[in-house]
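Model the structure of this input:
(chains A, B and C)
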Amino acid sequence: MNYWLMKSEPGECSIDDALAMPAATVAWTGVRNYQARNFMRDAMSVGDGVLFYHSSCAEPGIAGLAEVASPPYPDPTQFDAASKYYDASAKPESPRWMLVDVRAIRRTRLVPIAELRAQPELSEMAVLKRGNRLSITPVTAAQWAVIAARLLAP
DNA sequence: GCCAACGTTGGC
DNA sequence: GCCAACGTTGGC
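Presented below is the predicted three-dimensional model:
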């Protein structure tokens, strides 16, 4: 079992949007970074824990808990000429972009990035590293435990 | 809107 | 394969 932090712009898909979907599940479309793709394609397993993070918004931070809900499969938006994620070089017989489904479990209080930075135990979190731009980053079991027990406890 | 940081592109 | 230019991310 692994743990991940996945960024979503709430204007595109917030934790509440995800919870409102059938089975509270969304296909994680639109990732166009190879490192992030490789995490989904090669390293994720169904049931992995996910911190649902709101980015590029007024209050960036952890907004909910989720889990990986499918094996990897081709991102359908890469083949859709009408999509902003269209990739003309990707063909159905040779897909370039893979994704997983993510099932939202619950909304949490908003844990701002500044609060994460204030936790010494989280100083090595990939998402907090200087210059980080990855939309999907690994979370260690120890980091997950700190967040779950201290920051997200009722 | 600013800007640091980093990924990608493409000429050579 | 190098590397400058460009584009994107994302917090502030």
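
Residue of chain A nearest DNA strand B, please.
Proximity to DNA strand B, evaluated over chain A using Cβ to the nearest atom of the strand, is greatest for residue A:131 at 2.0 Å. From N, CA and C alone the C-beta is placed, and that goes for glycine too.

Check which helices and strands the lengthiest strand in chain A sits against.
Taking DSSP state E as the criterion, chain A has its longest strand at strand A:101-112. With contacts taken as 3 or more Cβ pairs under 8 Å, 6 or more residues apart in numbering; DSSP states H and E, strand A:101-112 sits against helix A:15-20, strand A:25-27, strand A:49-54, strand A:61-68.

Show me the contact partners of that strand.
A:6, A:15-16, A:18-19, A:21, A:23-28, A:50, A:52, A:54, A:59-70, A:147, A:151-152 (Cβ atoms under 8 Å, 6 or more residues apart in numbering).

could you check whether the helix or strand that that strand is followed by is close to DNA strand B?
Note on strand A:101-112: by DSSP states H and E, the next helix or strand toward the C-terminus is helix A:113-117. No: using Cβ under 7 Å from any atom of the strand, helix A:113-117 never reaches DNA strand B; the gap is at least 14.5 Å.

May I see the buried residues of helix A:113-117?
By 16 or more other Cβ atoms under 10 Å, the buried positions in helix A:113-117 come out as A:113, A:116.

can you check stretch A:23-35 too?
For stretch A:23-35, using 16+ other Cβ under 10 Å, the buried residues are A:24-31.

still on that earlier bit, tell me which of the helices and strands packed on strand A:101-112 lies nearest to residue A:81.
strand A:25-27 (18.3 Å; Cβ to Cβ).
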